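*Asks:* output the structure for:
(2 chains)
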Amino acid sequence: MRVNFIFFLIKRLAMMAVSLVVIIAISYTLLAKAPGNFMDVQRAVAAMTTLANSNSETFKIQKALFDERYGLDKPLYMQIWTYTKNAVTFDFGPSFQSPSILIQDMVRERLPRTLLIVFLGIGLALIVGIPLGVIAGFRRNTWIDYIVTGFSMIGQVVPVYVLAIVLILIFAGQVWNVLPNGGWATPVPTFKQLILPVLTLALGPIAGIARFTRNQVAETMSQEFIRTARSKGISERLVIMRHALRNSLIPVVTTTAPQIAYALVGSVWIENIFRIPGIGQLFATALGARDYPLVITSTVILALGVMLANLLADILYSILDPRIKLEA
Amino acid sequence: MAVNQLSQPTAQEELPVAESLLKVFWRRYRRNAMALVGLVLVIIFVILAIFAPWIAPYHYNDQNLAATWQKPSSTYWFGTDDVGRDQLSRIIYAVRTAAIVGLGTSILSLIIGAAIGSVSGMRGGLTDTFLMRLVEIFNSFPSTLLAIILATTLGQKVTTIVIALAITNWAGYARLIRGQVLSLKNQEYVQAARTLGASEWHIITKYVLPNILGPIAVALSFGIPYAMVAEAGLSVIGVGIRPPEPSWGNLINLGISKMRGFPHLAVWPTLLFSITLLAFTWFGDGLQEIFNTKGER
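*Replies:* Predicted coordinates:
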């Protein structure tokens, strides 16, 4: 088991490394071929502010200096190699937009904000989703069950950006104007500023966890050991508390990890709609400015998070259910 | 109930008449009430998509600069946008765009997935290992992020968005089809065909494909709403289908930016978009019951 586990871990981590390199290579190549580059965007902005076409000779010199500085004059595979090599030590270099700030420092500043809303969201989802699922599972085919099932259907199908709009319209719009609709002016957000983004992010996972828990509980309740426990004359409360719950809640742990992955990707939309300066917002604004080192780095960070969450899911699965063998 | 039926062997239904496959499917499908609702909504969706130019009161790009930012009224049921375009007409045309994106993306990713999945399953060996590693890589990272980057590179038209979404979503189909091929490959009738000298292509098209149509139909029906969500998601990030061509994405995006002053611009697209997504999911659930493929979602 031990040896197997270590072997599994090494294999999975190797796969993750390969995947990350593939992501870097693909996004690097794609972005290099994308129409419009950082300097073009800059020139357009400059031309607009000075109301004059910038001198093409000066621009050429500027662009040449810029290319040399960021190594853009080297062949593409060399750029990819340099970036990947440096990324191993979490050195991502400077961004196009702010040459004086290193990208890793930006990540260090912004990642905690993203993780804050992701983990608060998942925590909320567990606190709300599990009880909902348990109640629905024990009261199968009653109105409570139908409400929970219907709600989790909606929560799983409707994407985060739509949920965000609905919540903003209700709580920060004409209905009740009680909460701020985003924007973190202070480095540390206030409680009120956290409510809407976290709630939006939690709705999907709440739905997923409630649905999964409900099915687990329903399945456990139809098992023979429950019938045995009942026929021994144990009170229904004890049957539920001691036999049913324990057996149905353990698998719920495993669904939490994919929900973290969902929330991480969802944070891209949440942060853009609620104007939260996290990794997701970094990704979108960098893309708009054609700031490629920043785009690729934020992609890598988010992808790494998603992969770690999936790895965690597999490990938890094997720990909780020894019948499942870890295979890479 | 059962006793009742036994004691009264009346109508022809009781006789073991061979039921047509379609009838069996329909009987299984209508057991699920929500699937019926989904079917009706999907049919409405298809009608709107096909007949959009005849149903919509205006063309999606008809501007009326004298009537910008209108609230819903009898002339403009859902109001108008920044250049006085009728929001209802834009929504109806957005249904058409969504149909193209949904169907186009699912079919294109199915084609890529089917090619890779069936080759992988039939060949086995090193080819299989290599292709499955590729599938794993594509499955391991968030495909939406890659789609966003791809859309930036390819451009923001309907066709390029479809290509971007298909390239990032084929892995699931490949895995599904490989699994089906593997389970069918060793069935006796397939082996018999092979013994008779049938080519691999012949086996795939004549024996394997017809037998996996059910799971494929289910996968497609869930693939369509997925593609719609991804398309709209691209617009919210700013790399989706460009206006004036209406899509759920750019309508929702306009709604987000004008939520304060003109909430109706956000309410209608999001509400109808959500209903569309639910309809396809209910429809897919119904198909799942027809083909008894629960749990392969």
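*Asks:* now find how far off-centre the helix or strand where A:Val107 lies is within its chain.
*Replies:* Per DSSP states H and E, A:Val107 falls inside helix A:103-138. Relative to its chain's centre, helix A:103-138 lies at 9 Å (Cα atoms, centre = their mean, to the nearest Å).
*Asks:* continuing past it, what's the next helix or strand?
*Replies:* helix A:143-157.
*Asks:* for A:Lys85, pull up the helix or strand it's in.
*Replies:* helix A:76-88.
*Asks:* now do that helix against helix A:103-138, angle only.
*Replies:* Going by axes from the mean of the first three to the mean of the last three Cα atoms, to 10 degrees, helix A:76-88 is angled at 70 degrees with respect to helix A:103-138.
*Asks:* give the buried residues for helix A:76-88.
*Replies:* A:Gln79, A:Ile80, A:Trp81, A:Tyr83, A:Thr84, A:Ala87 (16 or more other Cβ atoms under 10 Å in any protein chain shown). Yep, even glycine has a C-beta here, placed from its N, CA and C like the rest.
*Asks:* one step back: so is the helix holding A:Val107 next to chain B?
*Replies:* No: figure legend: helix A:103-138 not in contact with chain B (Cβ under 8 Å from any Cβ of the partner chain); closest approach 13.2 Å.
*Asks:* which positions in the biggest helix by length in chain B come out as buried?
*Replies:* Looking across chain B with DSSP state H, the single longest helix is helix B:87-123. Using 16+ other Cβ under 10 Å as the test for burial, helix B:87-123 gives B:87-106, B:108-110, B:112-114, B:116-122.
*Asks:* and if you look at stretch A:27-46?
*Replies:* Residues of stretch A:27-46 classed as buried: A:Ser27, A:Tyr28, A:Thr29, A:Leu30, A:Leu31, A:Ala34, A:Asn37, A:Phe38, A:Met39, A:Val41, A:Gln42, A:Arg43 (neighbour count, 16+ other Cβ under 10 Å).
*Asks:* domain map for chain A?
*Replies:* Domains of chain A are assigned by the TED database as A:1-103, A:113-320.
*Asks:* report the mean per-residue pLDDT for stretch B:229-238.
*Replies:* For stretch B:229-238, mean pLDDT rounds to 91.
*Asks:* so what touches it?
*Replies:* Among residues not part of stretch B:229-238, those counted as contacts by Cβ atoms under 8 Å, 6 or more residues apart in numbering or on different chains are A:159, A:161, A:268-269, A:272-273, A:284, A:287-288, B:98, B:101, B:105, B:144, B:147-148, B:151, B:161, B:164-165, B:169, B:240-241, B:247-250, B:252-253, B:256, B:273, B:277.
*Asks:* doesn't A:Ile279 make contact with A:Gln267?
*Replies:* Slight slip there: residue A:267 is Ser, not Gln. Yes: look at A:Ser267 against A:Ile279 with Cβ atoms under 8 Å: they come within range, at 7.1 Å.
*Asks:* how many neighbours does B:Asn61 have?
*Replies:* 14 (other Cβ atoms under 10 Å in any protein chain shown).
*Asks:* pretty sure A:Ile135 is touching A:Trp143, no?
*Replies:* No: if you go by Cβ under 8 Å, A:Ile135 and A:Trp143 don't touch, sitting 11.3 Å apart.
*Asks:* higher neighbour count, these two?
*Replies:* A:Ile135 (18 against 8).
*Asks:* distance of the closest residue to that one other than its chain neighbours relative to B:Val236?
*Replies:* Nearest residue to A:Ile135 in three dimensions, chain neighbours excluded: A:Ile144, at 5.8 Å (Cβ to Cβ, 6 or more residues apart in numbering or on different chains). Distance, A:Ile144 to B:Val236, using Cβ to Cβ, to the nearest Å: 34 Å.
*Asks:* more neighbours, these two?
*Replies:* B:Val236 (25 against 14).
*Asks:* comparing the domains of chain A, which comes out most buried?
*Replies:* Stretch with highest mean neighbour count among these: domain A:113-320 (a mean of 19; mean count of other Cβ atoms under 10 Å in any protein chain shown).
*Asks:* residues near the nearest residue to B:Asn61 once chain neighbours are set aside, how many?
*Replies:* In this structure, B:Asn61 finds its nearest non-sequential neighbour in B:Pro244, 4.6 Å apart by Cβ to Cβ, 6+ apart. B:Pro244 is flanked by 13 other residues according to other Cβ under 10 Å.
*Asks:* just confirm B:Pro244 contacts B:Asp62, I think it does.
*Replies:* No: B:Pro244 is not in contact with B:Asp62 according to Cβ under 8 Å; the separation is 10.1 Å.
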